[in-house]
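# 3D, please:
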Amino acid sequence: MIRKYLAEIILLICSLIVFIVVFNLSEKSDLIIEEEVVIPEPELMFGLPVDSFSISEGKIKRNQNLSDILTGFGIDLGTIDKLARSSRDTFDVRKIVTGRNYYVFQSLDSLKKPEYFIYESSGTDYIVFELNDSLHVFRGKKNIVSDIRTASSVIESSLWNAMVEQNVNPVLANELSDIYQWTIDFFAIQKGDKFRVIFDEDYVDSIPIGIGKIHAAQFRYMGKDFYAFRYRQDTVYDYIDEEGKNLRKAFLKAPLSFSRISGRFTYNRMHPILRYRRPHLGVDYVAPKGTPVKSIGEGVVISKAYQKGGGGNYLRIRHNSVYTTTYMHLSGYAKGIAPGVHVEQGQVIGYVGATGLASGPHLDFRITKNGKPTDPLKVEAPPGDSIRDENLNTYFIFKDSMMNELNKINWEQF
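Below you'll find the predicted structure:
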């Protein structure tokens with residue numbers, strides 16, 4: 001009898017062990033079956049899933065309008081008129097530009113019903129027209145990706161050409177001239193001057209669209225190094241030199257961009273038209289007619305007139321109790337410019353011309369200091385706000401790190 005009970009107990013234990021093993025295997029099997037499946041994110045274009053539509057792409061042709069395009073996709077004129085009227089607060093459809101891209105998103109079925117019309121208003125901005133019953137219109141912006149780049153070169157002819165030779169977007173030349181406009185005379189850059197710079201290049205859909213922020217730059221001009229570091233003090237970003245001084249000065253170095261000097265400040269110049277010697281108490285900048293002329297500093301317009309047989313259309317601006325500037329031979333004035341009007345530094349005030357006694361389009365630019373004519377190329381303007389004493393240590397740590405990065409760029413190799 002004992003043997004019988006013992007055998008039954010052993011059988012029961014074996015059955016229990018088999019059950020536990022089978023249960024565990026079943027649990028493991030369930031875990032394998034329930035393994036997480038990674039679903040790839042849908043490919044989006046203008047925020048719409050690409051695989052949900054049939055997409056037609058085109059460019060705006062000369063004299064083509066919204067009606068021409070949409071009627072070609074079977075949309076009636078009444079709907080197009082409602083769409084144009086509903087978009088007025090967002091986008092004026094009459095301002096569609098020749099050469100811009102557009103896309104029509106259609107349904108995948110055999111009807112190919114147009115559901116969205118997208119117009120690229122720029123490299124980054126677009127307008128979405130929903131073609132359903134709501135006829136909704138809204139603006140969108142593409143995702144901009146920035147890539148940190150470096151550039152350097154020894155100048156052979158011009159800053160612009162140096163950029164082109166190094167396969168760098170030449171717009172970087174404009175950005176550098178804006179940063180250094182208070183300290184470097186870009187009209188006087190010479191062969192052998194050089195630069196190195198750390199900057200962002202912006203991309204949309206892997207296509208470069210322009211220059212972003214300039215983080216640090218070093219410009220060796222006439223044997224002297226000029227540094228610029230982008231730094232935020234409080235909530236404002238500005239460009240600061242290696243000593244913690246702001247690069248912004250009270251005056252711009254020049255009242256217009258990228259031209260050449262044809263006449264300098266002198267008390268004894270042969271006049272190109274009158275053919276006799278007389279003082280020329282300013283600087284002549286040769287530039288194409290219509291080139292924008294900017295006020296070199298903040299101030300108030302005190303004169304706007306025409307000078308017969310002399311300066312032609314001219315403007316005079318008083319900046320403070322010491323300095324006054326004059327801009328002559330203008331072809332015209334910027335909108336709103338009049339005596340008594342306050343102007344900002346860098347504000348366009350007029351346009352290069354050849355009015356008055358002039359042999360060709362140019363700007364005759366003059367400065368008086370305490371009422372006395374002074375050479376514009378030798379005016380030393382006072383600095384703007386610099387790094388405050390309590391922020392200097394933090395700034396110098398940042399400056400040193402950026403200077404180390406600049407030093408890694410070998411400009412001698414070019």
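
# which neighbouring elements make contact with the longest strand anywhere in the chain?
Secondary structure of the chain read by DSSP state E shows that its longest strand is strand 207-221. Using 3 or more CB pairs under 8 Å, 6 or more residues apart in numbering; DSSP states H and E as the contact test, the elements touching strand 207-221 are strand 145-154, helix 171-179, strand 194-204, strand 224-233, helix 392-407. Quick note: C-beta positions are derived from backbone N, CA and C, even for glycine.

# do that again at 6 Å, thanks
helix 171-179, strand 194-204, strand 224-233, helix 392-407 (3 or more CB pairs under 6 Å, 6 or more residues apart in numbering; DSSP states H and E).

# out of those, the one nearest S67 is which?
Nearest to S67, of all those, is strand 194-204, at 28.8 Å by CB to CB.

# the closest one: which residues count as buried?
Using 16 or more other CB atoms under 10 Å as the burial criterion, the residues of strand 194-204 that qualify are 194-204.

# check stretch 88-98 too.
Buried residues in stretch 88-98 (16+ other CB under 10 Å): 91, 93, 96.

# low pLDDT regions in the stretch 151-300 of the chain?
258-259, 267-278 (pLDDT under 70).

# give me that answer again for 50
274 (pLDDT under 50).

# burial of V50, as a residue count?
12 (other CB atoms under 10 Å).

# just give the nearest non-adjacent residue to it, would you?
Distances taken as CB to CB, 6 or more residues apart in numbering place E43 nearest to V50, at 4.6 Å, with adjacent residues excluded.

# that neighbour: neighbour count?
By other CB under 10 Å, neighbour count at E43 equals 9.

# right, and it touches S52 too?
No - under the criterion of CB atoms under 6 Å, E43 makes no contact with S52, lying 10.1 Å away.

# so which of the buried residues of strand 194-204 comes closest to F365?
Nearest member of the buried residues of strand 194-204 to F365, counting by CB to CB, is F195, at 26.0 Å.

# which stretches in the stretch 51-200 of the chain count as helices?
66-71, 77-86, 159-165, 171-179 (DSSP state H, counting those that start in this stretch).

# residues in contact with K213?
D200 (CB atoms under 6 Å, 6 or more residues apart in numbering).

# with pLDDT and distance to P208 as new columns, can the buried residues of stretch 88-98 be given to me in JSON lines?
As requested, those are exported to JSON lines (pLDDT from 0 to 100; distance: CB to CB, whole Å):
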{"residue": "F91", "pLDDT": "88", "distance to P208": "26"}
{"residue": "V93", "pLDDT": "86", "distance to P208": "30"}
{"residue": "I96", "pLDDT": "89", "distance to P208": "25"}
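
# of the residues you listed, which is the nearest to E380?
Distances from E380 to these, taken by CB to CB, are shortest for F91, at 48.8 Å.

# pull the contacting residues for the closest one.
I127.

# return the closest of the buried residues of stretch 88-98 with respect to I240.
F91 (40.5 Å).

# among the helices of the stretch 51-200 of the chain, which comes closest to T368?
helix 171-179 (26.0 Å).

# what packs against the closest one?
Against helix 171-179 (3+ CB pairs under 6 Å, 6+ apart) you get helix 159-165, strand 207-221.

# now those as a markdown table including distance to Y231?
Shown next, in a markdown table, are these (distance: least, CB to CB, whole Å):
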| stretch | distance to Y231 |
| --- | --- |
| helix 159-165 | 24 |
| strand 207-221 | 10 |
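
# so which of those gets nearest Y102?
strand 207-221 (17.3 Å).

# distance check, the residue nearest to E298 when sequence neighbours are not counted against Y126.
Distance criterion CB to CB, 6+ apart; nearest residue to E298, sequence neighbours excluded, is Q345 at 5.0 Å. Computed with CB to CB, to the nearest Å, the distance linking Q345 and Y126 is 35 Å.

# circling back: adding distance to F226 and mean neighbour count, write the helices of the stretch 51-200 of the chain out as a markdown table.
Output for those, formatted as a markdown table (distance: least, CB to CB, whole Å; neighbours: other CB atoms under 10 Å):
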| stretch | distance to F226 | mean neighbour count |
| --- | --- | --- |
| helix 66-71 | 51 | 17 |
| helix 77-86 | 53 | 14 |
| helix 159-165 | 13 | 18 |
| helix 171-179 | 9 | 19 |
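
# can you redo those as JSON lines with distance to G140?
Shown next, in JSON lines, are the helices of the stretch 51-200 of the chain (distance: least, CB to CB, whole Å):
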{"stretch": "helix 66-71", "distance to G140": "17"}
{"stretch": "helix 77-86", "distance to G140": "17"}
{"stretch": "helix 159-165", "distance to G140": "32"}
{"stretch": "helix 171-179", "distance to G140": "25"}
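
# if we can go back for a sec, quick one: closest of the helices and strands packed on helix 171-179 to S107.
Of these, nearest to S107 by CB to CB is strand 207-221, at 28.9 Å.
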